[in-house]
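Asks: sequence plus the predicted model coming up.
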Amino acid sequence: MVSLSKKIVKGQTYWYAVKSARVNGNPRVVWQKYLGTAEYIAERLSSPIDNNLRIQSMPLGHVAALSRANADIQFIDIVNRNTNKKSTNGFTVGEYLLLQMIGRAEGNLSRNAIAKWYPNSIAKLVIGKKTPINTKNLLKHLDYPTEDAIRAIEDDIAQRLMAIGISPNKLIWDTTNFFTRIESGESIPQKGHSKEHRNDRNLVGLGLAVGQENIPFFHETFEAQMHDSKVFSNILDIIIDRLKRLNVDTEEIVMVLDKGNNSKDNIREAISKVHLIGTIRYDQGREYIEVPLDKFEKINDDGIMAYRTRGKLYEEDFTIVVTHNPHTRTKQMKKYEDTKKKVLKELAKLKKKIENKKRRGRPWTQTRAVRSLVDAIPMHMRSVFDYEVNKKVGRGGGLIVEFSINQEMEDLRYKSFGKMVHFTDLHEWTSQKISESYNAKYCVEDDFRWLKDKLMIPIKPINVRTDQHIRAHVFICVMGLLFYRYIQWKLKQSGLTYSTYELDDILNGIKLALVFTSSKNTKGRFVVEQMDKDQAKVFSALQMAEFISQ
């Protein structure tokens, strides 16, 4: 249902026609059309209507922005150069992949929907091909970006980005996974620990190495049951080889690692090739967590404090920096207390259910009871709870459930709130620089949110099932992420800084109108619809007019 909505900017009211729908159970605006001010609307309504005037509106922003990134990065040429399809009069591999990338950005379109959408879309004008497309060909072209081809394509794109002025002097590596509807895939879709809490589904793992400006420098699609530390050990040499091919001095590279990648072998291997900044779990760094705050020193104006020392971790000598953030402490404390309250309530319910001998259904065994108690406790809090299930002695049998808080572990948890234990081989760096470099890890976490959000270039749903097609699908989405990050970087060079959501809103508002001035006019002419100030700036900075010339 379409309704009217208004936005007030600097005291001026602007009206929009909007359409809302539920996305993942939450109400969200899925379409909007700018109508103008009340005065403009009244003027238009009072103007005589030209019965011969016909206007067809088309979204332009995302298509033109991605096309600008493609032109600058030379994506189509790079893909075609590194895939083995013979030249034809139809679409090249690079064009097919770009088209699928645009389709994901234009409403998370399936390949079947892309085939129906393309003939009447602005993408047809931008790509400049009139050849019909179909779902079969879109799917078939996922065969060409093989694992080796993807590596070569990313090599060449990295080389191109460096030529433009974006170099990977710091790399942040992290992993995530995506749940799928794949029931019978090959080796990649596997059960594992879902970061979206969908352990009932087969998962696909993704690792990203993000460089300057949050731009993905390297990605890896892997079996989701593989532990993060194993994934990192498999890809470290591949990343180092890429850096060497790019003539990057690896001794100057700083790699930031999440604690899930930690292992003695990984740490030793990493610091033999690059500089490293990592963290450890609070229970691994107990001696550092328990250092009193009066030994910490203030390192910035936000109230962050740090304690600095030297020590051995994973049999290597590191500078240890323990930071304390009072704002983070408050948030972590509240979250912990709220979660603890829920867990205790759930354990009490389970105790009553397990000990109820009159309950119908399958009888409780000790194994089943213990498993149920464990499942009721979030993994990161299991060390805080003690629990025990014993058989009743004597007549009647049954089970007795006991649970309690492990006071020693809870005290350690309280001491850890707001604290983070960093380690690095960059002994000359200041504590502030070490802390801020690690905290830049939010960049890759933000990239993961982009790939999981339906907003921009989502990986889900994954409507393919073979390993080759899954890798190609993920590659297209990661390249889409790279394109958008490049667009943000390019706009910043023009003095325009926008968040992800601001950029999405601006691009959604840039539209093209195909105007037919008479009933006999079948060709029409393209006119860019009225833009606000930010839309006009982005349109100009990305030189979008280039993609609509007739």
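Replies: Happy to help now that I have it.

Asks: packing partners of the host helix or strand of residue 404?
Replies: If you go by DSSP states H and E, residue 404 is part of strand 399-405. Counting by 3 or more C-beta pairs under 8 Å, 6 or more residues apart in numbering; DSSP states H and E, the packing neighbours recorded for strand 399-405 are helix 326-355, helix 366-375, strand 385-391. From N, CA and C alone the C-beta is placed, and that goes for glycine too.

Asks: what about 6 Å?
Replies: Using 3 or more C-beta pairs under 6 Å, 6 or more residues apart in numbering; DSSP states H and E, the elements in contact with strand 399-405 are helix 326-355, strand 385-391.

Asks: using PDB, write down the CA coordinates of that strand.
Replies: In PDB, the C-alpha atoms belonging to strand 399-405 read as follows (Å, rounded to 0.1, in the frame of the first residue of the first chain):
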ATOM      1  CA  LEU A 399      17.100 -37.200  38.300                       C
ATOM      2  CA  ILE A 400      18.300 -34.300  40.400                       C
ATOM      3  CA  VAL A 401      19.500 -31.100  38.700                       C
ATOM      4  CA  GLU A 402      21.800 -28.600  40.500                       C
ATOM      5  CA  PHE A 403      23.200 -25.400  39.000                       C
ATOM      6  CA  SER A 404      25.000 -22.400  40.400                       C
ATOM      7  CA  ILE A 405      27.200 -19.500  39.500                       C
END
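
Asks: and it with helix 366-375, angle?
Replies: 30 degrees (axes from the mean of the first three to the mean of the last three C-alpha atoms, to 10 degrees).

Asks: just to revisit the earlier point, can you redo the helices and strands packed on strand 399-405 as a markdown table with mean pLDDT?
Replies: Formatted as a markdown table, those follow (pLDDT from 0 to 100):
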| stretch | mean pLDDT |
| --- | --- |
| helix 326-355 | 94 |
| strand 385-391 | 92 |
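
Asks: nearest to residue 495, of the ones you listed?
Replies: Comparing the helices and strands packed on strand 399-405 by their distance to residue 495 (C-beta to C-beta), the top pick is helix 326-355, with 30.9 Å.

Asks: chain center to the closest one, what's the gap?
Replies: Offset of helix 326-355 from its chain centre (C-alpha atoms, centre = their mean, to the nearest Å): 29 Å.

Asks: coming back round to it: next, format the helices and strands packed on strand 399-405 as TSV and append mean neighbour count.
Replies: Listed next are the helices and strands packed on strand 399-405 as TSV, based on neighbours: other C-beta atoms under 10 Å:
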stretch	mean neighbour count
helix 326-355	14
strand 385-391	15
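
Asks: so what touches the strand holding residue 404?
Replies: With C-beta atoms under 6 Å, 6 or more residues apart in numbering as the test, strand 399-405 has contacts from 347, 351, 354, 364, 369, 386, 387, 388, 389, 390, 392.

Asks: could I get the helices and strands packed on strand 399-405 in CSV, plus columns for distance to residue 283?
Replies: Formatted as CSV, the helices and strands packed on strand 399-405 follow (distance: least, C-beta to C-beta, whole Å):
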stretch, distance to residue 283
helix 326-355, 14
strand 385-391, 14
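
Asks: out of these, nearest to residue 456?
Replies: Smallest distance to residue 456 across the helices and strands packed on strand 399-405 (C-beta to C-beta): 27.2 Å, for helix 326-355.

Asks: what is the nearest of the contacts of strand 399-405 to residue 107?
Replies: Ranked by distance to residue 107 (C-beta to C-beta), these are led by residue 347 at 44.5 Å.

Asks: who's in contact with that closest one?
Replies: By C-beta under 6 Å, 6+ apart, the contact list for residue 347 reads 376, 403.

Asks: can you rerun that using 7 Å?
Replies: The contact partners of residue 347, taken as C-beta atoms under 7 Å, 6 or more residues apart in numbering, are 373, 376, 403.

Asks: wait, which of these is closest to residue 60?
Replies: Relative to residue 60, the closest of the contacts of residue 347 is residue 376; by C-beta to C-beta it sits at 51.4 Å.

Asks: what pLDDT does the residue nearest the centre of the chain get?
Replies: Nearest residue to the geometric centre of the chain (C-alpha atoms, centre = their mean): residue 448, 1.4 Å. pLDDT, the model's per-residue confidence, is 82 for residue 448.

Asks: is it true that it lies in a helix?
Replies: Yes: remark: residue 448 belongs to a helix, assigned using DSSP: H, G, I helix; E, B strand; the rest coil.

Asks: coming back round to it: of all the contacts of strand 399-405, which comes closest to residue 140?
Replies: After measuring those against residue 140 - C-beta to C-beta - the closest member comes out as residue 369, at 52.7 Å.

Asks: what's opposite the closest residue to the closest one other than its chain neighbours in the beta bridge?
Replies: Of all residues not flanking residue 369 in the chain, residue 389 sits nearest, at 4.5 Å (C-beta to C-beta, 6 or more residues apart in numbering). Assessed by DSSP bridges, residue 389 has beta-bridge partners residue 401.

Asks: contacts only, for residue 389.
Replies: 366, 369, 370, 399, 401.

Asks: need the buried ones from those residues selected in PyMOL.
Replies: Listed next is the PyMOL selection for buried residues among the contacts of residue 389, using 16 or more other C-beta atoms under 10 Å:
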select buried, resi 369+370+399+401
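
Asks: and of the contacts of residue 389, the nearest to residue 358?
Replies: For those, the nearest to residue 358 is residue 399 (13.6 Å; C-beta to C-beta).
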